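**Q** Sequence first, then the predicted structure, then my questions.
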Amino acid sequence: MISFHYRARDKFGKVARGVITASSEEDVVTQLKQAGYTPVIILKIKPAGSFQKFIKRFSGVRFVDLNIFTRQLFTLQRAGIPLLSALLALQEQATNVVLKDVISRVVKDIEAGTSLSGAFAAHPKVFSILYINMIKAGEASGRLEEILERLAFLGEHEEKVRQRIRAAIRYPIMVVVAICIAFLTLITFVIPRFASIYSQFTVELPLPTRILLLINHIVVYYWWLVVSCGIAVIVFFWRFFKTKKGRLWRDDLILKIPIFGPLLLKIILSRFARITGILLRSGVRLLEILELTQEGVGNVVVARVIDNVHDSVNAGRGMSEPIRISGMFPAVVVQMITVGENSGKLDELLLYISDYYDSEVDYIIDNLVSLIEPILVIFLGCAVLFMALGIFLPMWNLMSLFKQ
């Protein structure tokens, strides 16, 4: 069997893209027409060479690959295809080497009697704790198809947010990289030449020039020490962040970073509210949901707040009070949760809260460049001024010396 990329249109003119496995191009055309599509482009996928397979194996499963897998699994389940048959079909058409191998192992585990969530749990590098727990909740409530649809929606929404953030910060990153390259070029090639000229005269070098020369001396003669210290610092923090205290310190610091900290918090809280609302609507108990989301929220500080909410709900006091005390949620959100608890429409209100945070996230991302721009301008101004002073101040000193 051969894999083909295809692009086709349905009877309404909507474009569909994907990968399909067939014996020939004619077979692909037949399959698409049977599904109600008119083929536009069909391209044969060349089998990856050994080097490509090696690279793909170490690149892991991309977030977008997992989203496609989830969406396709949901589609096949909705079409009434048995779970094992659906997984085998997805295994056949998977283009990612690692994902193909993972699906193969999942199929074997299910054939041996393991549940889908249990089979996914054997691959924590591919499926997150939250993903596995939501699948487990779907199996327990008999609403696996609905949970898969929600997971696909959540994954696709998160991927769109990531893409928008990457697009927004691309320009600032390019500017900072350009300045860093210019600075390294300056201290490596330009400043030493000026220093050799100035050394012929009895002129005291200005402070900016002396700092640049010191940096040049360190980079040229003590680069090994800089690299060693850098590696030591990375190893220290890598080990420190594996401890409970280190994770708490790191996650608290991340949430305090200007612009990006509040943005990340809103994304996390939106995800928490949406998942809680979805699972409540699917019939999962609130206490169980809080346990699931606490493990998969991805931030220790927020997880502690959810733990406090869990304890409060377990004691019969509800969600609103610990959420208000945490200070993470604005008053309007706390009020909406209170209304939801009192009216018995908590799931509906939580989904409204998620939409509220999504709109705030969209606003911040849309204005991210304008928010970063003042900081970037100040940084660029200081960097250019410092480099200019380091070069031109000695020139002025030399000119004044010649005039004398």
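**A** Yep, that arrived.
**Q** who's in contact with Arg265?
**A** Check again: residue 265 is Leu, not Arg. The contact partners of Leu265, taken as Cβ atoms under 8 Å, 6 or more residues apart in numbering, are Leu255, Val302, Met328. All C-beta atoms are positioned from the backbone trio N, CA, C, and that covers glycine.
**Q** Contacts only, for the first one.
**A** Under the criterion of Cβ under 8 Å, 6+ apart, the neighbours of Leu255 are Gly261, Pro262, Leu264, Leu265, Asn299, Val301.
**Q** For the fifth one, give its distance to Ala315.
**A** If I follow you right, that is Asn299. Counting by Cβ to Cβ, to the nearest Å, the gap from Asn299 to Ala315 is 24 Å.
**Q** and Ile323, what does it touch?
**A** Counting by Cβ under 8 Å, 6+ apart, Ile323 touches Val305, Val309, Phe329, Val333, Val334, Ile337.
**Q** Tell me the buried residues in stretch 298-316?
**A** For stretch 298-316, the neighbour count (16 or more other Cβ atoms under 10 Å) marks 299-306, 308-310, 312-313 as buried.
**Q** Then stretch 208-220?
**A** Pro208, Thr209, Leu212, Leu213, Ile215, Asn216.
**Q** shaky segments in this protein?
**A** For the chain, residues meeting the criterion pLDDT under 70 lie at 1, 3, 18, 45-59, 201-203, 400-404.
**Q** Just give the nearest non-adjacent residue to the residue nearest the centre of it, would you?
**A** Residue closest to the average C-alpha location in the chain (Cα atoms, centre = their mean): Arg162, at 5.8 Å. Once flanking residues are discounted, Arg162 sits nearest to Phe63: 7.4 Å by Cβ to Cβ, 6 or more residues apart in numbering.
**Q** What distance do you get for the one you found to Glu158?
**A** Per Cβ to Cβ, Phe63 is found 8 Å from Glu158.
**Q** Please save the CA atoms from the helix or strand hosting Leu73 in PDB.
**A** Following DSSP states H and E, one finds Leu73 within helix 63-78. What follows is helix 63-78, C-alpha atoms only, in PDB (Å, rounded to 0.1, in the frame of the first residue of the first chain):
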ATOM      1  CA  PHE A  63       1.700  18.800  18.900                       C
ATOM      2  CA  VAL A  64       0.000  19.300  15.500                       C
ATOM      3  CA  ASP A  65       0.500  15.600  14.700                       C
ATOM      4  CA  LEU A  66      -1.300  14.700  17.900                       C
ATOM      5  CA  ASN A  67      -4.100  17.100  17.100                       C
ATOM      6  CA  ILE A  68      -4.600  15.500  13.600                       C
ATOM      7  CA  PHE A  69      -4.500  12.000  15.200                       C
ATOM      8  CA  THR A  70      -7.200  13.000  17.800                       C
ATOM      9  CA  ARG A  71      -9.400  14.600  15.100                       C
ATOM     10  CA  GLN A  72      -9.200  11.600  12.800                       C
ATOM     11  CA  LEU A  73      -9.800   9.200  15.700                       C
ATOM     12  CA  PHE A  74     -13.000  11.100  16.600                       C
ATOM     13  CA  THR A  75     -14.100  11.200  13.000                       C
ATOM     14  CA  LEU A  76     -13.700   7.400  12.600                       C
ATOM     15  CA  GLN A  77     -15.500   6.800  15.900                       C
ATOM     16  CA  ARG A  78     -18.400   9.000  14.900                       C
END
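**Q** going forward can the numbers begin at 46, since that is how I track them
**A** Right, with 46 as the first residue, what we last looked at is helix 108-123.
**Q** returning to that earlier point: and the contacts of Leu310, which is closest to Lys56?
**A** Nearest to Lys56, judged by Cβ to Cβ, of these is Val347 at 46.2 Å.
**Q** For that closest one, give me its contacts.
**A** Applying Cβ under 8 Å, 6+ apart, the residues near Val347 are Asp296, Leu310, Ile313, Leu314, Phe317, Met373.
**Q** 7 Å instead, please
**A** Val347 makes contact with Ile313 under the criterion Cβ atoms under 7 Å, 6 or more residues apart in numbering.
**Q** Secondary structure element holding it?
**A** Secondary structure from DSSP H and E places Val347 in helix 345-359.
**Q** before we move on, what about Leu314?
**A** Taking DSSP H and E as the definition, one finds Leu314 inside helix 305-326.
**Q** List the buried residues of that helix.
**A** Within helix 305-326, the residues that count as buried by 16+ other Cβ under 10 Å are 305, 308-326.
**Q** Need the contact partners of the helix holding Leu118.
**A** Under the criterion Cβ under 7 Å, 6+ apart, residues 131, 134-135, 141, 144, 171, 189-190, 193-194, 196-197, 200-201, 204 lie in contact with helix 108-123.
**Q** ditto for stretch 50-67
**A** The contact list for stretch 50-67, computed with Cβ under 7 Å, 6+ apart, reads 46-49, 73, 76-77, 81-88, 90, 137-138, 140.
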